[in-house]
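Enquirer: Sequence first, then the predicted structure:
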Amino acid sequence: MSFARIVNRRAIYFLGSVAAGATGAAGLASSDFNGSFFNGNNNNPKNNGSSWWKGLAGTSAAAAPALRVAEVEKGKTPEDFQQVYNAIAKKIIDDDEYDNYIGYGPVLVRLSWHSAGTFDKNDNSGGSYGGTYRFPKETNDPSNKGLQNAKAFLEPIYEQFPWISHGDLYTLGGVTALQEMQGPKVPWRPGRVDLPESATPENGRLPDAENGADYVRNFFKRFGFTDQEVVALIGAHALGKTHMANSGYEGPWGAATNTFSNEFFVNLLNEQWKKEKTEAGNSQYNSPSGFMMMPTDFALKEDNTYLKYVKKYAENQDVFFEDFKNAYKKLLENGIEFPEGTPTIVFKTLDEQEQ
Ligand code: FMI
């Protein structure tokens, strides 16, 4: 870790600003001072979110916890990550028969979200940084049922690119899938570092879909997400489907299950919904077109503030794409400080590379 970063963190504290902001390292001090004042090895298992700098200048325990510092895989350039992107994208095409020809795109997006969805801004624990989804405790969290398929999909990719951290792989998998399914370009930054098993968060940090708007709003506060960001993120349910064996729900939210679009919002507003019980005893809204909504999805229509954004996104897909891109990037980067010099990569799709 460079001295510059330490200065920056202190500056953040002294300014009393939000240390959880991803721009925490922005140039308050020259980044070319490469002193090794503090543990410079980000692979050190002690880098588990402990708030080492709370002790500085006698700061109080109320200070925001330290961010985890990204360290780009040694010697790797954006082109190396584009190669990983390409391998994932090609495998999505090759293995297209998965889930009755929906393909692996949606489940890869879901894995990226669940790998990041354990984040808690109160202590900066969980999140995508440490790649702890790879450990059995997290893989076997009942909320993660079905994601083993995405994990297995990524295993040969990891064998091909063993230098990549798991946190980078899971998040890059989601970005690749989203872009290849005609979603927005999501600027992505590398440098998550594998943390040891001890950093694996307890089960139960992911939300439960049998709930209403108050629960959703309260749950996503743990990430610092606004109402608008929450609605945008849940719009990803245009992709894929629910599976009885995984979640006790069954069916897709729309017709185009492997194309990213604003269909979720359009259907939420326009379909005729009927509340029914699934065979697992869950409540689910079904429509004559064969689409479904979970209670948390339906809640977006029942809450006036959420509804405002649902309407906005149903009317204008471009606005949805822009807001989704920003919220999804924030989700994947929660709790991470990207030092100056970390590249922001906008990947080319396979189609663009063919032209
Ligand atoms: Fe969703 N999801 N999701 N989801 N998700 C899925 C499938 C699914 C919940 C619950 C839930 C987000 C938020 C939330 C995404 C993307 C995203 C399923 C069905 C359930 C129960 C799983 C199955 O296989 O049965 C909530 C309510 C609780 C966790 C919730 O807040 C967010 C933020 C995203 C991405 C940004 C996708 C793509 C799928 C389809 C997966 C597939 O296998 O087709």
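Expert: Here it is on my side, so go on.
Enquirer: contacts, neighbours, all on C-alpha from now
Expert: OK.
Enquirer: By mean pLDDT, flag the weakest helix or strand of this structure.
Expert: helix 3-15 (a mean of 28; mean pLDDT, DSSP states H and E).
Enquirer: model confidence over the helix or strand that that one is followed by, on average?
Expert: Sequence order places strand 68-69 as the next helix or strand after helix 3-15, per DSSP states H and E. In this model, strand 68-69 carries a mean pLDDT of 96.
Enquirer: Quickly run through the sheet partners of strand 68-69, with directions.
Expert: strand 336-337 (parallel) (DSSP bridges).
Enquirer: what's downstream of the strand it pairs with, the next helix or strand?
Expert: Sequence order places helix 350-354 as the next helix or strand after strand 336-337, per DSSP H and E.
Enquirer: Please state the offset of that following helix from the chain centre?
Expert: Chain-centre distance of helix 350-354: 25 Å, with CA atoms, centre = their mean, to the nearest Å.
Enquirer: Near the ligand, which residues of the stretch 1-150 of the chain are found?
Expert: Residues of the stretch 1-150 of the chain lying close to the ligand (CA under 6 Å from any ligand atom) are 106-107, 109-110, 113, 146.
Enquirer: So which of the residues you listed are in helices?
Expert: Cross-referencing those against helices under DSSP state H gives 106-107, 109-110, 113.
Enquirer: and those residues as a markdown table, adding pLDDT, neighbour count and distance to Val72?
Expert: Formatted as a markdown table, those follow (pLDDT from 0 to 100; neighbours: other CA atoms under 10 Å; distance: CA to CA, whole Å):
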| residue | pLDDT | neighbour count | distance to Val72 |
| --- | --- | --- | --- |
| Pro106 | 98 | 24 | 27 |
| Val107 | 98 | 25 | 26 |
| Val109 | 98 | 23 | 22 |
| Arg110 | 98 | 24 | 24 |
| Trp113 | 97 | 21 | 21 |
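Enquirer: where does this structure dip in pLDDT?
Expert: Within the chain, the stretches with pLDDT under 70 are 1-63.
Enquirer: Spell out the residue ranges of the strands in it.
Expert: Taking DSSP state E as the test, the strands found in the chain are 68-69, 241-242, 251-252, 274-277, 283-286, 292-293, 336-337.
Enquirer: Between those, which one is closest to Pro184.
Expert: The closest of the strands of the chain to Pro184 is strand 241-242. By CA to CA, the value is 20.3 Å.
Enquirer: about what we covered before: how about the ones in helices among the residues of the stretch 1-150 of the chain next to the ligand in CSV, adding distance to Glu155?
Expert: Formatted as CSV, these follow (distance: CA to CA, whole Å):
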residue, distance to Glu155
Pro106, 17
Val107, 14
Val109, 16
Arg110, 16
Trp113, 18
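Enquirer: Which two among those residues are spaced furthest apart?
Expert: Pro106 and Trp113 (10.8 Å).
Enquirer: Help me confirm that Asn262 comes into contact with Gly235.
Expert: Yes: at 6.8 Å, Asn262 counts as touching Gly235 under the criterion of CA atoms under 8 Å.
Enquirer: what sits against Arg217?
Expert: Arg217 is in contact with 227, 230, counting by CA atoms under 8 Å, 6 or more residues apart in numbering.
Enquirer: same question, Val69
Expert: Val69 neighbours (CA under 8 Å, 6+ apart): 42, 192, 336-339.
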